[in-house]
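> next comes the sequence, and after it the predicted model I'd like to discuss.
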Amino acid sequence: MNDPQLKPYRDFGPWITEQIGAKAQKISVNAGFTCPNRDGTLGRGGCTYCNNQTFNPAYCQQAKSVGAQLEEGIAFFSRKYPQMKYLAYFQAYTNTYAPLPELQRRYEEALAVPGVAGIVIATRADCVSGDVLDYLSELQKRAFVLVEYGIESTDDAVLQRINRGHDFAAVQRAVEQTAKRGIPCGGHLILGLPTTHQIANYIEQEAARLNALPLTTLKIHQLQIVRGTAMEREFRAAPQDFPRYSLDEYLDCLVRFIRLLRPSLVLERFVSQSPPELLAVPGWGLKNHEFVARLHKRLQETDSWQGKDLANNN
């Protein structure tokens with residue numbers, strides 16, 4: 001790194017401030033969508049790791065309107081941060097899995113709430129049509145829009161193992177079509193999925209395939225095995241199929257991964273924290289900011305930064 005005052009990676013916070021023109025806070029909303037991997041279109045039961053209770057805050061309830069959820073979330077944050085802008089984060093399940101008029105109604109309702117400067121849409125790569133992307137391309141002329149795809153892994157065998165319901169080629173198509181329209185595009189990746197420790201050079205493979213995608217942002221976090229999921233049953237039956245990183249091992253894995261990621265990729269997060277009552281493993285007992293502090297220390301100790309190990313450092 002040339003400037004020791006900068007973080008050793010391209011951080012999401014400053015980037016989103018540049019896009020919005022002010023500091024911004026995401027407010028999660030549950031718009032009542034389901035998933036084709038749950039309703040029988042592709043399958044039943046969803047991905048083996050999935051339990052949406054792990055990230056839905058108390059105000060984020062389907063029984064409330066999108067506007068009401070946002071107003072309640074904004075009321076919570078605005079007491080401490082009165083100048084903050086907000087992003088409506090359509091997070092639960094698949095948030096483009098509905099007819100276009102219904103999507104337009106939900107998104108427009110969110111943008112009509114005072115203080116909301118844009119929307120972030122979490123979805124699947126096999127659930128975004130050209131019509132939806134065309135609409136979002138028009139929408140971003142008057143509001144910030146980020147489409148966030150659940151990638152989870154770039155390896156088809158791993159995707160099949162977790163019952164994802166699509167292959168990596170579907171991710172490539174969706175990301176390319178989104179970026180082609182000038183829409184910022186995010187990805188979500190889980191490190192530590194079953195059998196990944198048995199794939200030679202897995203971290204290098206993941207980094208290379210992600211670098212080749214026209215992604216703007218990336219979220220990374222450790223696999224959390226949540227109680228009551230199909231994956232918990234798999235883990236109890238065959239724990240040898242799971243990498244089971246210790247905290248130090250996961251930090252080392254992240255450092256190795258970050259050194260391989262292109263510097264233009266905005267990194268939003270590195271760890272996730274499910275409610276303790278829902279979490280089977282791992283139980284590291286760290287808050288997100290405590291984990292990030294340890295990651296910064298490990299990057300400094302190893303003289304590491306984003307993209308350091310790329311051949312052309314681009």
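Yep, that arrived.
> what about the helices in the stretch 201-314 of the chain?
Counting by DSSP state H, counting those that start in this stretch, the segments of the stretch 201-314 of the chain that form helices are 202-211, 230-237, 247-258, 288-301.
> out of these, nearest to Gly43?
Of all the helices of the stretch 201-314 of the chain, helix 230-237 sits nearest to Gly43, with 11.2 Å by Cβ to Cβ. (Each C-beta comes from the backbone N, C-alpha and C, glycine too.)
> tell me the buried residues in that closest one?
Along helix 230-237, these residues count as buried under the neighbour rule (16 or more other Cβ atoms under 10 Å): 230-232, 234-235.
> what is the nearest of those residues to Gly115?
The closest of these to Gly115 turns out to be Met231 (Cβ to Cβ; 37.6 Å).
> show me what the spatially most central residue of the chain is bridged to.
Geometric centre of the chain, nearest residue: His188, 3.6 Å, by Cα atoms, centre = their mean. Counting by DSSP bridges, His188 is bridged to Gly150, Lys219.
> mind putting the buried residues of helix 230-237 into CSV with pLDDT?
Converted to CSV, the buried residues of helix 230-237 look like this (pLDDT from 0 to 100):
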residue, pLDDT
Ala230, 93
Met231, 94
Glu232, 94
Glu234, 94
Phe235, 95
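> where exactly do the strands run in the stretch 101-250 of the chain?
Assigned strands in the stretch 101-250 of the chain, in chain order: 116-123, 144-152, 185-191, 217-222, 225-226 (criterion: DSSP state E, counting those that start in this stretch).
> which one, of those strands, ends up nearest to His166?
Using Cβ to Cβ, the strands of the stretch 101-250 of the chain put strand 144-152 closest to His166, at 9.8 Å.
> who's in contact with Phe144?
Neighbouring residues of Phe144 by Cβ atoms under 8 Å, 6 or more residues apart in numbering: 19-20, 87, 117-119.
> distance from the lowest-mean-pLDDT helix or strand in the chain to the middle of the chain?
Every helix and strand of the chain was ranked by mean pLDDT, DSSP states H and E. The lowest is strand 279-281, at a mean of 85. With Cα atoms, centre = their mean, to the nearest Å as the basis, strand 279-281 stands 20 Å off its chain's centre.
> what sits against the residue nearest to the centre of the chain?
122, 148-152, 218-219.
> try 7 Å
Going by Cβ atoms under 7 Å, 6 or more residues apart in numbering, His188 touches 148-152, 219.
> before we move on, the earlier item: neighbouring strands for the least confident helix or strand of the chain, and are they parallel or not?
Applying DSSP bridges, strand 279-281 is found paired with strand 225-226 (antiparallel).
> pLDDT on the partner strand, on average?
For strand 225-226, mean pLDDT rounds to 92.
> and the two most separated of the buried residues of helix 230-237?
Pairwise distances across the buried residues of helix 230-237 peak at 9.8 Å for Ala230 and Phe235 (criterion: Cβ to Cβ).
> list residues touching both of these two?
Shared contacts of Ala230 and Phe235, counting by Cβ under 7 Å, 6+ apart, come down to nothing at all.
> just to revisit the earlier point, just put the strands of the stretch 101-250 of the chain in TSV and tack on distance to Ser137.
As requested, these are exported to TSV (distance: least, Cβ to Cβ, whole Å):
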stretch	distance to Ser137
strand 116-123	13
strand 144-152	8
strand 185-191	12
strand 217-222	18
strand 225-226	35
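> mind checking the SS state of Phe76?
For Phe76, the assignment made with DSSP: H, G, I helix; E, B strand; the rest coil gives helix.
> how many residues are close by it?
Counted by other Cβ atoms under 10 Å, the residues lying close to Phe76 total 14.
> mind pulling up the pLDDT for it?
89.
> what do you get for the one 3 residues further on?
Model confidence at Arg79, given as pLDDT, is 84.
> return the residues in contact with the spatially closest residue to Leu279 that is not a sequence neighbour.
Leaving out its chain neighbours, the residue that sits closest to Leu279 by Cβ to Cβ, 6 or more residues apart in numbering is Gln224, at 5.9 Å. Contact partners of Gln224, counting by Cβ under 7 Å, 6+ apart, are 272, 274, 279.
> want to try CSV for the residues you listed, with distance to Ile258 and neighbour count as columns?
Below are those laid out as CSV (distance: Cβ to Cβ, whole Å; neighbours: other Cβ atoms under 10 Å):
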residue, distance to Ile258, neighbour count
Ser272, 17, 18
Ser274, 23, 17
Leu279, 25, 17
